[in-house]
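In: only geometry, no sequence info:
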């Protein structure tokens, strides 16, 4: 199973300067994750987001603004609008599980099954 890492623009630039070109994937799995987060934010803070899988990291998109609002609510500092390890670490177990479930639903049957297996083991 592969792992997905969410990095900031600063971290991406650092990686590029050290190791050269960083291959950015603009594929369905990333959009799947963002759609799941958008659904979570719509449920949790009534963000009213369009569930389209699109965002930016500069607090310009509605999704980034909603992420920053949620981060503020759970005590993430700084509230940068980037869904990363700081956000995950401050989330309650219930919120984490709900977000993971929504991301899995967006990914389809295989992702839902893998998420279900994770709950068993």
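Out: That came in fine, so what should we check first? Remember, it's a predicted structure, so these values are computed and weren't measured experimentally.

In: what residues of the longest helix along the chain count as buried?
Out: Longest helix in the chain, counting residues (DSSP state H): helix 28-45. By 16 or more other Cβ atoms under 10 Å, the buried positions in helix 28-45 come out as 31-42, 44. No exception for glycine: its C-beta is placed from N, CA and C like everyone else's.

In: and which of these is nearest residue 50?
Out: residue 38 (7.6 Å; Cβ to Cβ).

In: just checking, residue 87 touches residue 76?
Out: Yes - using Cβ atoms under 8 Å, residue 87 is in contact with residue 76, at 5.5 Å.

In: where do the contact lists of these two overlap?
Out: The contact sets of residue 87 and residue 76 do not overlap (Cβ atoms under 8 Å, 6 or more residues apart in numbering).

In: still on that earlier bit, with distance to residue 92 added, can I get the buried residues of helix 28-45 in TSV?
Out: Listed next are the buried residues of helix 28-45 as TSV, based on distance: Cβ to Cβ, whole Å:
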residue	distance to residue 92
31	26
32	23
33	19
34	21
35	22
36	17
37	16
38	19
39	17
40	12
41	15
42	18
44	10
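
In: will you turn those into TSV that also has pLDDT and distance to residue 104?
Out: Below are these laid out as TSV (pLDDT from 0 to 100; distance: Cβ to Cβ, whole Å):
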residue	pLDDT	distance to residue 104
31	82	14
32	85	9
33	87	10
34	90	14
35	91	11
36	92	7
37	93	12
38	95	14
39	95	11
40	96	12
41	96	16
42	97	16
44	96	17
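
In: out of the residues you listed, who's nearest residue 96?
Out: residue 40 (9.8 Å).

In: might you report the residue contacts of the spatially closest residue to residue 99 that is not a sequence neighbour?
Out: The shortest distance from residue 99 to any non-neighbouring residue, by Cβ to Cβ, 6 or more residues apart in numbering, is to residue 40 (4.3 Å). By Cβ under 8 Å, 6+ apart, the residues touching residue 40 are 95, 98, 99, 102, 103.

In: run the last query once more with 7 Å
Out: 98, 99, 102 (Cβ atoms under 7 Å, 6 or more residues apart in numbering).

In: just give the closest residue to residue 92, not the sequence neighbours.
Out: residue 74 (7.8 Å).
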